[in-house]
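Trainee: I would like the atomic coordinates for the input below:
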Amino acid sequence: MDDPERRRGRVHDAEGAREAILNAAEQVFAEHGFDGARVDAIAETAGYNKSLLFQYFGDKLGLYEAVTRRADKEITEFEMRVLVPLLEDESIASDAHRFRNFLETIIGALFDYLRDHPRLTRIIVWEQAEGWQTYAKFISQSDIEDVDKFRILFHKARRAGLLRSDVDPIIQLTIAEQMCWSYLTSIPLYQMLLTGEDLSSAEALAHAREYIVDFVVHGMMVDPKDDEA
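Mentor: The predicted structure follows:
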């Protein structure tokens, strides 16, 4: 007779194996990009047989997609916790102070997430360098349905005179995100230009975060003085 404890143990081991494989894949994809990553290297890093990778994820693309969707899930959980309550507040798009705080929350959180997930940040940079061709193989329309909430909110804010531009909100937010990952991945370059400074310290990163948030929000929103003029 099958022992429930043994069944639970097998489930736990399977979940642990999947996480170990995903962590290893994230590491290898970050180091080499999708094209340069080798399944053998991922299996060796994870400490599991290559056949198990194929059993769980199908192929290298399936593994890459799983790494990406794990990050998307974490971001979605953040959105549910922080952004959704704000998005449901219809008055936010007509109140300059509250809309500014909303933008600061989004951009600051993006910076924090990318700072805390350097491997994912490198994977994104690899994708950008390769023309997003791998993402295009598995991203579907259903993956971007939530963007309509942002579009509606931004269009209302634009009509209320809070935003400078009518450029699609997703492009505006993506540019903001690009500033975050560009800064974080360029720290080694900045270190070469600014010898003697520790740009990776908590204090330096907090200062950079504040600068980027301030820079982006002021660039997106109409300055009250401009409005008065």
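
Trainee: okay, CA-based contacts and neighbour counts for the rest of this
Mentor: OK.

Trainee: ok, now which ones touch Gly33?
Mentor: Neighbouring residues of Gly33 by C-alpha atoms under 8 Å, 6 or more residues apart in numbering: 123, 126-127.

Trainee: can you redo these as JSON lines with pLDDT?
Mentor: Below are the contacts of Gly33 laid out as JSON lines (pLDDT from 0 to 100):
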{"residue": "Ile123", "pLDDT": "93"}
{"residue": "Trp126", "pLDDT": "93"}
{"residue": "Glu127", "pLDDT": "92"}
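
Trainee: so which of the residues you listed sit within helices?
Mentor: The helices, defined by DSSP state H, take in 123, 126-127 from the contacts of Gly33.

Trainee: how about the helices of this protein, start to end?
Mentor: Using DSSP H, helices in the chain cover 4-36, 39-46, 50-57, 60-78, 84-87, 96-116, 118-129, 147-159, 169-185, 187-193, 202-220, 224-228.

Trainee: which of the ones you listed sits closest to Lys137?
Mentor: Closest to Lys137 of the helices of the chain, according to C-alpha to C-alpha: helix 60-78, at 8.5 Å.

Trainee: contact partners of the closest one?
Mentor: For helix 60-78, contacts defined as C-alpha under 8 Å, 6+ apart pick out 22, 25-26, 29, 34, 39, 53-54, 57, 120, 135, 138.

Trainee: in these, find the pair that's most separated.
Mentor: Farthest-apart pair in these is Phe54 and Leu120; separation 21.9 Å (C-alpha to C-alpha).

Trainee: more neighbours: which of those two?
Mentor: The residue with more neighbours, out of Phe54 and Leu120, is Leu120; 21 against 14, by other C-alpha atoms under 10 Å.

Trainee: ok, that one to Phe34 distance?
Mentor: Per C-alpha to C-alpha, to the nearest Å, Leu120 is found 12 Å from Phe34.

Trainee: what does Val125 give?
Mentor: Val125 sits 11 Å away from Phe34 when distances are taken as C-alpha to C-alpha.

Trainee: so which of the ones in helices among the contacts of Gly33 comes closest to Pro169?
Mentor: Glu127 (21.5 Å).

Trainee: what is the burial count for the closest one?
Mentor: 16.

Trainee: circling back to that earlier point, nearest to Ser182 among the contacts of helix 60-78?
Mentor: Distances from Ser182 to the contacts of helix 60-78, taken by C-alpha to C-alpha, are shortest for Leu120, at 12.7 Å.
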